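**Q** sharing a model prediction with you, sequence too.
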Amino acid sequence: YAAPADLNGFRLFRETNAFTSVDGLAPVAFVGAGATEGVVDGIDLDTDYYLGVAAVDVAGNSDSAVTGLMSRVDSVQPPPVAVTATPVGADGVDLSWNSYDTSSLFGLEGFDIFWQQSDFNDASLLTPYMTLGPDQMSVRIEGLDRSVDHYFAVVGYNRLGQYDPSVSTALWKDPFGGFIAAPLVIGTGGAPGAVYDIYRDIVVVSNAVLTIEPGVTLRFLPGTGLRVEEGALTALGTVFDPIVLTSAEASPAPGDWSGLYLGPDAGASELTHVWTLYGEGLQVDGCEPMADALSVLFNASAGLALDGDAILATSDMLAQFNAVGLQQSGNSQLVLANSIVVNNDTNALANGVNTISAPNLWWGSTNNLEVFAGIVGNVDHAPFLTTEPLLTPAADTYDGNHNVGAREVPMKYACRIAESMRVSEDSTFNGVFFEDFVSSNTVQLSEGGGSKTLYIQYRNVNGETNAPIVLPLTYITDGPTITAFNLVEGEV
């Protein structure tokens, strides 16, 4: 454009109808004489507009003969969306498409989320599970059925409803099953306990660590199990919050699931207060884990079986109602103390190179011949206990706080073979009789604040008792008292 010397600037026009003259038209913008371009606002998508420019001199004169040029900005059909699915907890998933570039997607209206239990590549005939706005690039979905696989896809659509139905799905599988190749925690989510059904084998590989938190119960469906092939299992239950591995059947029976297996590369595993029930027991093959206070009951084969070069030294074990209580094969070595091994078809079986070291156990009898009748192979069982020990007796306030503000104190108790119990502030239990064992109750303290001591004693079916547990408490009846203070004007 060859600008005249008296050029003042340019008027910009925008109309929805064609025009050849700007007479009677109102400009929508003005730019100075040095401009070679300008911006016209107020453009709606998918609408024909006619734009024109008229030069204006310093006196305000302008040639009205201007032909509008048609212009149009169309909505863009969004391209396919790549989505990722990240497991959250036991049954949640975070879907994300944060890398999806929307900067040039004129008319983007939102995103449809599709969710199916079988894979799909076309969303045209599906109903969206939910719809999100154009600025939301992630979403969390919870409450997934862990027994099936879930497939998710995200489809962007524009203001005209246009979209590309071709999709690539993101797969969510039960995080508590299959090959575990990265650290995984099966926890309670802050609750006192949690129960999870296990629908397929859990196999720890690639030096991963599987952590099971105290208070977790895993219920295995038939044929499934937990195998640590390469890595570690950290299952550190507590006396009050043990970890339970059991059958998912409504009427459980020995052998319902394939048990817990620790392979040759699982030696870093740690297990305390773990119950293994109604399966194939705990199998330690060629490794040396740390274990204590284990309970193995109702297993179809051995409650505890060692094979290969496995080494296990443990105590406070309870092995009952298994086909075999303890089994040692190959070049393995079991050292066991202060434990109960009773009521198994065979209490102990040593068919390997070494002798099971198991003195100071309760075998269910004080008669040496009866004890020996339940043992097969080389088992060093002498001296054996002549009374049944009460394994890992414990008691505490329910919240662990020993400073209490009320006479009624919630309590919790633990003792694996206790049948009855008694609680008193009198260490001689004068006039206090044994009652049925409970895992929790409320105890009333004597009147008057200050130091208190509770004594807790358990009794088993044979009448044996533990040395009373001593639990000191402080009963606080009044708040703090201010006896003197100094206050200067202006300090409050």
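**A** Nice, thanks for sending it over.
**Q** so which residues of the stretch 251-400 of the chain form helices?
**A** For the stretch 251-400 of the chain, the helices defined by DSSP state H, counting those that start in this stretch cover 368-373.
**Q** quick one, what contacts the nearest residue to Phe220 once chain neighbours are set aside?
**A** What sits nearest to Phe220 in space, not counting adjacent residues and going by C-beta to C-beta, 6 or more residues apart in numbering, is Trp257, at 3.6 Å. In this view, the C-beta of every residue, glycine as well, is placed from N, C-alpha and C. Trp257 is in contact with 220-225, 247-248, 278-280, counting by C-beta atoms under 8 Å, 6 or more residues apart in numbering.
**Q** and the pLDDT for Trp257?
**A** On pLDDT, Trp257 comes in at 98.
**Q** then Glu489?
**A** So, for Glu489, pLDDT stands at 69.
**Q** and Tyr1, by the same measure?
**A** pLDDT, read off for Tyr1, is 87.
**Q** what is the burial count for it?
**A** Counted by other C-beta atoms under 10 Å, the residues lying close to Tyr1 total 7.
**Q** worst-scoring helix or strand of this structure, pLDDT-wise?
**A** Lowest on mean pLDDT, DSSP states H and E among the helices and strands of the chain sits helix 368-373, with a mean of 91.
**Q** could I get the buried residue list for it?
**A** Buried residues in helix 368-373, counting neighbours by 16 or more other C-beta atoms under 10 Å, are found at 371-372.
**Q** same for that helix, what does it pack against?
**A** For helix 368-373, not one helix or strand is in contact under the criterion 3 or more C-beta pairs under 8 Å, 6 or more residues apart in numbering; DSSP states H and E.
**Q** what's it in contact with?
**A** By C-beta under 8 Å, 6+ apart, helix 368-373 touches 363-365, 381, 384.
**Q** again, only using 7 Å
**A** Around helix 368-373, the neighbours that count as contacts under C-beta atoms under 7 Å, 6 or more residues apart in numbering are 363, 365, 381, 384.
**Q** okay, and which of the residues you listed map to strands?
**A** Taking DSSP state E, every one of the contacts of helix 368-373 sits outside strands.
**Q** which among those gets closest to Met137?
**A** Trp363 (64.8 Å; C-beta to C-beta).
**Q** how near is the closest residue in space to that closest one that isn't next to it in sequence to Ala302?
**A** Distances taken as C-beta to C-beta, 6+ apart put Val371 closest to Trp363, at 4.3 Å, once the chain neighbours are dropped. According to C-beta to C-beta, to the nearest Å, Val371 stands 19 Å off from Ala302.
**Q** likewise Asp316?
**A** 19 Å.
**Q** the two: who's more crowded?
**A** Ala302 (27 against 20).
**Q** just list whatever residues bridge to that one.
**A** Listed by DSSP bridges, the beta-bridge partners for Ala302 are Val324.
**Q** my guess is it contacts Val324. True?
**A** Yes - if you go by C-beta atoms under 7 Å, Ala302 and Val324 touch, sitting 4.1 Å apart.
**Q** could you list the low-confidence segments of this protein?
**A** Along the chain, segments meeting pLDDT under 70 span 479-483, 485, 489-492.
**Q** please repeat the previous calculation with a cut-off of 90.
**A** 1, 189-190, 192, 368, 478-492 (pLDDT under 90).
**Q** list the contacts of Gln77.
**A** Gln77 makes contacts with 158, 162-164, as judged by C-beta under 7 Å, 6+ apart.
**Q** ok, now Ala313?
**A** Val335.
**Q** contacting residues for Ala310?
**A** 284-288, 332.
**Q** let's go with 6 Å and repeat that
**A** 284, 286-287, 332 (C-beta atoms under 6 Å, 6 or more residues apart in numbering).
**Q** got it, and Leu445?
**A** Neighbours of Leu445 in contact, by C-beta under 6 Å, 6+ apart: 407, 452, 475.
**Q** could you dump the residues you listed to CSV with neighbour count?
**A** As requested, the contacts of Leu445 are exported to CSV (neighbours: other C-beta atoms under 10 Å):
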residue, neighbour count
Arg407, 16
Lys452, 19
Tyr475, 18
